[in-house]
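1. here are the coordinates; sequence isn't available:
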């Protein structure tokens, strides 16, 4: 049985929102991300900017979101970060892929770190999307695709928790991630993005 979902993705966070710069390359493809198992009771040391969680299992470049933060002045909840300098039980976070580690000034006594991974398996593949003015935009401009849309194949057992924008059909640069209402797929189906319309403001 094929399932069909339609989602309007709003409030897009491109690299402009992440690091204060306008996008340097075009968003040409959209994909879908699944939230992994939340890592609870993660701690962090301000003097080294290192987080500790036994057997966290995350690789460098993994996208994460922080919630339930205690301490950690300089960190923001519900903001995307990227894992770097990971070891078996420790890691740092950066605001952009392979960027400088975020500097927090107060120890983190506890934070929940949720990794997000691009969906894989089955017939999943990123889909071409053509925006009304794809490419570099002025601060505060928007990208919109209310005509073409994109239909993303989703394998059975996956949950769509975020929509992503990329510069290529595989690999390439991750240019945005946007939380959406979670949609769980008991069987293989499709997830339709019908109207991507988000601010590129750095605020």
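-> All right, it came through fine. The structure displayed is predicted, hence computed values, not measured ones.
2. please report the distance of the closest residue to residue 164 other than its chain neighbours from residue 173.
-> Closest residue to residue 164 apart from its sequence neighbours, by Cβ to Cβ, 6 or more residues apart in numbering: residue 31 at 4.5 Å. Using the backbone N, CA and C atoms, a C-beta is placed for each residue, glycine as well. As defined by Cβ to Cβ, to the nearest Å, residue 31 lies at a distance of 12 Å from residue 173.
3. ok, those two, which is more surrounded?
-> residue 31 (26 against 15; other Cβ atoms under 10 Å).
4. ok, what's across the strand from the spatially most central residue of the chain?
-> In the chain, the centroid-proximal residue (Cα atoms, centre = their mean) is residue 177; its distance is 3.8 Å. Beta-bridge pairing of residue 177 under DSSP bridges involves residue 13, residue 164.
5. how many residues are close by the residue lying closest to residue 38 once chain neighbours are set aside?
-> Once flanking residues are discounted, residue 38 sits nearest to residue 114: 4.5 Å by Cβ to Cβ, 6+ apart. Using other Cβ under 10 Å, residue 114 has 16 other residues around it.
6. coming back round to it: touching, the residue nearest to the centre of the chain and residue 81? I think so.
-> No. Using Cβ atoms under 8 Å, residue 177 is not in contact with residue 81, being 10.9 Å away.
7. how much space between residue 154 and residue 110?
-> Residue 154 is 34 Å from residue 110, by Cβ to Cβ.
8. higher neighbour count, those two?
-> Higher neighbour count among residue 154 and residue 110: residue 154, with 26 against 14, using other Cβ under 10 Å.
9. against residue 93, how distant is the more buried one?
-> Following Cβ to Cβ, the distance that separates residue 154 from residue 93 is 28 Å.
10. can you tell me the element the residue nearest to residue 38 falls in?
-> Element membership of residue 114 [criterion: DSSP states H and E] is strand 108-118.
11. run the chain-centre distance for that strand.
-> 12 Å (Cα atoms, centre = their mean, to the nearest Å).
12. then stretch 118-131?
-> The answer for stretch 118-131 is 14 Å, by Cα atoms, centre = their mean.
13. list the buried ones in it?
-> Neighbour counts over stretch 118-131 (16 or more other Cβ atoms under 10 Å) mark 118-119, 124, 126-127, 129, 131 as buried.
14. ok, which stretches of this protein are helices?
-> 15-19 (DSSP state H).
15. pull the helix or strand with minimum mean pLDDT from it.
-> helix 15-19 (a mean of 32; mean pLDDT, DSSP states H and E).
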